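[1] Got a sequence here, can you model it:
(one chain, ligands or ions: 1)
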Amino acid sequence: MRTPFIAGNWKMYKTPIEAAGFVRELIDSLKDVNGVDVAVCPPFPALWPVKEALESSNIALGAQNMHFEKEGAFTGEVSPAMLQDIGVKYVILGHSERRAYFGETDELINQKIKAAFTWGLNPILCVGETLSEREQGITKAVVEIQVRKGLLGVTPEQAEKLTLAYEPVWAIGTGKTATPEDAQEVCSFIRETLASLFGREVAAKIRIQYGGSVKPENIKELMAEPDIDGALVGGASLKVDSFTAIVKGSI
Ligand SMILES: O=C[C@H](O)COP(=O)(O)O
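    Residues are numbered from 1 along each chain as shown. Here you go, the predicted model:
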């Protein structure tokens, strides 16, 4: 069985000092919780203080993006080697905000995915349709292309360390959640696509998160769906109480 996996994507919120204080409270709030993998993904400047604050806790550290090169003249970028050195375990790649605001293509995301595996980081590949794509009835076609192109050249052994995050763009930060049935339909389709790429046995091991206005009130019904293994949480991961309730609600 797949262990539930809840990750908090803090986006561009929390200074390093705020972040370290926050995780100290979070560790305390989650100290008796078992049976779920939890990660927090702070902005880059907060990675180091959060890593220090997380020491000897069972909460993992994630990053929100990275470059695919080890090093070089790429002003403003952060490399997989740097993330590995800090002790980052997961890296979110292909988030819809990176695609929409920073022009990230499936080809670029694929380079990042392969670099993450090279550096021993576990990627969380985000996919999802816009409102207009959903209204045109092309959700599955869009998601299939994102999955196939994003994972080009990935081996089945690497794929076992992968997490997929299905995040319908229209549900992100809007308060509109996909219905559990709609989310399940796409997550099941993603698993079929993964099976065609890596075989059924590997696809059955890959965790698929749902993301988009996940809150304490809807986590249970989402987790009740067979192909939803967790959540990538934005806004509700910024408060200890709501993130704790989501983690607890996932098991
Ligand atoms: O990565 C997280 C998602 O973008 C969801 O954000 P949200 O929970 O604020 O809707």
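[2] ok, how many other residues are close to the closest residue to the ligand within the stretch 151-251 of the chain?
    Here the stretch 151-251 of the chain gets closest to the ligand at one residue, Gly234, 2.3 Å apart by C-beta to the nearest ligand atom. The way it works is simple: take the backbone N, C-alpha and C, and place the C-beta from them, glycine included. Under the neighbour criterion other C-beta atoms under 10 Å, Gly234 is assigned a count of 21.
[3] What sits closest to it if chain neighbours are left out?
    Asn9 (5.3 Å; C-beta to C-beta, 6 or more residues apart in numbering).
[4] if we look at the sheet, which residues does the one you found bridge to?
    Beta-bridge partners recorded for Asn9 (DSSP bridges): Cys41.
[5] Confirm Leu232 sits in a helix?
    No - under DSSP: H, G, I helix; E, B strand; the rest coil, Leu232 falls outside any helix and is assigned strand.
[6] how close does the closest residue to Pro80 other than its chain neighbours get to Arg2?
    Of all residues not flanking Pro80 in the chain, Trp119 sits nearest, at 3.7 Å (C-beta to C-beta, 6+ apart). Applying C-beta to C-beta, to the nearest Å, one obtains 24 Å for the distance of Trp119 from Arg2.
[7] Between those two, which has more neighbouring residues?
    Each of Trp119 and Arg2 has its neighbours counted (other C-beta under 10 Å); Trp119 has more, 19 against 13.
[8] So the more buried one sits against Leu83, correct?
    Yes - Trp119 lies in contact with Leu83 (C-beta atoms under 8 Å); the separation is 7.2 Å.
[9] hey, C-alpha coordinates of the helix or strand hosting Gln111 in CSV?
    Taking DSSP states H and E as the criterion, Gln111 maps to helix 106-118. Only the C-alpha atoms of helix 106-118 are listed here, as CSV (Å, rounded to 0.1, in the frame of the first residue of the first chain):
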residue,chain,number,x,y,z
ASP,A,106,7.4,20.4,-20.6
GLU,A,107,10.9,20.1,-22.2
LEU,A,108,12.5,22.2,-19.5
ILE,A,109,10.6,20.5,-16.8
ASN,A,110,11.8,17.1,-18.2
GLN,A,111,15.4,18.3,-17.9
LYS,A,112,14.8,19.3,-14.3
ILE,A,113,13.2,15.9,-13.5
LYS,A,114,16.1,14.0,-14.9
ALA,A,115,18.6,16.2,-13.0
ALA,A,116,16.6,15.7,-9.8
PHE,A,117,17.1,11.9,-10.1
THR,A,118,20.7,12.3,-10.9
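[10] Can you list the strands that the helix or strand following that helix pairs with?
    Counting by DSSP H and E, the next helix or strand C-terminal to helix 106-118 is strand 122-127. Strand pairing for strand 122-127, using DSSP bridges, gives strand 90-93 (parallel), strand 163-166 (parallel).
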